[in-house]
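1. can you look at this prediction? I've put the sequence above it.
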Amino acid sequence: MHPIVPSGHRLRRLRRSAPLRVLVQENTLTVADLIWPIFVREGVNLREPIASMPGVDRLSVDLAVKAAEEAAGLGIPVICLFPYTDPAVKTLTCEEAWNPENLTNRAIRAIKAAVPDIAVMTDVALDPYNVLGHDGLVVDGVILNDESVEALVKMALVQAEAGADILGPSDMMDGRIGAIRNALEGAGHQGVAIMSYAAKYVSAFYGPFRDAVGASGALKGDKKTYQMNCANSDEALRLVARDLAEGADMVMVKPGMPYLDICRRVKDTYGVPTFAYQVSGEYAMIKAAALNGWIDGEKAMLESLMGFKRSGCDGILTYFAPAAARLIRAGL
């Protein structure tokens, strides 16, 4: 129960000046709260703009290394890799996902060799390698759960071998966290952390991301049989409980801004490291409005990120990470 405000009390008193406002500020956004997702592609010295994500590029591995160096210089603690996979290597069986020499694994090794102190997070899902664009294996239009989990385990192990610090299973198959954790333990990768995409919703906000990884035209059907219904919140808590019990170290809610209520419920219920992904559609909306002069882009960016902290998030995956880091470091 909140206390009754005494008669005559002026709540504006503590908003009167900048020193008073900062003194009583309840939440703080720091550079250490940011995870920077970057897109990698084949090539050398190649920077390829993504039309639906202004300001975001696909980077060849050598430029991804430079991005990691930039992140480290700004104090961003983690980068997260997503591959733009050559359509020629996409198959129904997705075997490129666990190729030790695939694009992601080469990028991990190059980044860890050049910037050993930055943490590298990866995506564990089959959609970048699946000719049908799904996060799991598909037979006769049905996404197979257990067979997909076996494939995801192989994918996770080669990423751990390459030097990944955090694995991000984003596939939403049942039982994959326990299977991956057991495999990591058995292979001597006890130190590799898992940030589970525990509450990942079916969402219209993923569109630009699918452009970025080349999956937009590939997807056949939808993902409603494995991603969450946007109308559900209690289910999210059950999913988080399950993934924690299976060995997840951290949990994520995705998308971000439309699901801040889920972030708060997860944090309040479990008190575990809780993250959210400010996804591509969220980024694109803010960026497009700013480019059209409809909003102040920098202020809207920082306000949106503070919303995640206020909702209980320990950190945010955001394409705004380097821009936000510069502003935070400048004291803005």
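-> In hand now; what should we look at?
2. low-confidence ranges in this protein?
-> 1-5, 7, 216-217 (pLDDT under 70).
3. show me where this structure has its strands.
-> Applying DSSP state E to the chain gives strands spanning 34-41, 47-49, 57-60, 78-83, 119-124, 137-139, 142-144, 166-169, 193-200, 250-254, 274-278, 315-318.
4. Lys223 is nearest to which of those strands?
-> strand 142-144 (8.2 Å; Cβ to Cβ). No exception for glycine: its C-beta is placed from N, CA and C like everyone else's.
5. how far off centre is the closest one?
-> 24 Å (Cα atoms, centre = their mean, to the nearest Å).
6. quick one: strands adjacent to it?
-> strand 137-139 (antiparallel) (DSSP bridges).
7. run through who's touching the partner strand.
-> Outside strand 137-139, the residues within contact range by Cβ atoms under 8 Å, 6 or more residues apart in numbering are 92-94, 126, 130, 132, 143-144, 147-148, 151, 220.
8. looking at these, which is nearest His189?
-> Closest to His189, out of all of the contacts of strand 137-139 and judged by Cβ to Cβ, is Ala151, at 17.7 Å.
9. OK, contacts around Val240?
-> 198-199, 251, 266, 269-270, 272.
10. list buried residues within the residues you listed.
-> 198-199, 251, 266, 272 (16 or more other Cβ atoms under 10 Å).
11. correct me, but Val56 touches Trp36?
-> No. With contacts counted by Cβ atoms under 8 Å, Val56 stays clear of Trp36, the gap being 10.5 Å.
12. buried ones in stretch 184-203?
-> Buried, per 16+ other Cβ under 10 Å, within stretch 184-203: 184, 189, 192-201, 203.
13. now the helices for the chain?
-> 18-23, 61-74, 103-114, 145-162, 176-186, 207-212, 234-246, 260-270, 280-291, 297-310, 321-329 (DSSP state H).
14. out of the ones you listed, which gets nearest to Leu29?
-> helix 297-310 (5.2 Å).
15. name the residues that touch the closest one?
-> Here helix 297-310 makes contact (Cβ under 8 Å, 6+ apart) with 26-29, 33-34, 256-257, 260, 263, 276, 278, 282, 286-287, 289-291, 316, 318, 320, 323-324, 327-328, 332.
16. about what we covered before: need the strands of the chain in JSON lines (columns: distance to Gly207).
-> Listed next are the strands of the chain as JSON lines, based on distance: least, Cβ to Cβ, whole Å:
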{"stretch": "strand 34-41", "distance to Gly207": "15"}
{"stretch": "strand 47-49", "distance to Gly207": "17"}
{"stretch": "strand 57-60", "distance to Gly207": "16"}
{"stretch": "strand 78-83", "distance to Gly207": "15"}
{"stretch": "strand 119-124", "distance to Gly207": "17"}
{"stretch": "strand 137-139", "distance to Gly207": "21"}
{"stretch": "strand 142-144", "distance to Gly207": "20"}
{"stretch": "strand 166-169", "distance to Gly207": "20"}
{"stretch": "strand 193-200", "distance to Gly207": "15"}
{"stretch": "strand 250-254", "distance to Gly207": "14"}
{"stretch": "strand 274-278", "distance to Gly207": "14"}
{"stretch": "strand 315-318", "distance to Gly207": "17"}
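17. so which of these comes closest to Asn229?
-> strand 193-200 (11.1 Å).
18. strand partners (parallel or antiparallel) of that closest one?
-> Short version: by DSSP bridges, strand 193-200 pairs with strand 166-169 (parallel), strand 250-254 (parallel).
19. make CSV from those strands and add distance to Asn229 to it.
-> CSV is the format used below for the strands paired with strand 193-200 (distance: least, Cβ to Cβ, whole Å):
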stretch, distance to Asn229
strand 166-169, 20
strand 250-254, 14
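20. which one of those lies nearest to Leu20?
-> strand 250-254 (33.3 Å).
21. list the contacts of the closest one.
-> Against strand 250-254 from outside (Cβ under 8 Å, 6+ apart): 166, 168, 170, 193-201, 203, 236, 240, 243-244, 259, 262-263, 266, 270, 272-277, 279, 314, 317.
22. so it versus helix 176-186, what angle?
-> Per axes from the mean of the first three to the mean of the last three Cα atoms, to 10 degrees, the angle that strand 250-254 makes with helix 176-186 is 150 degrees.
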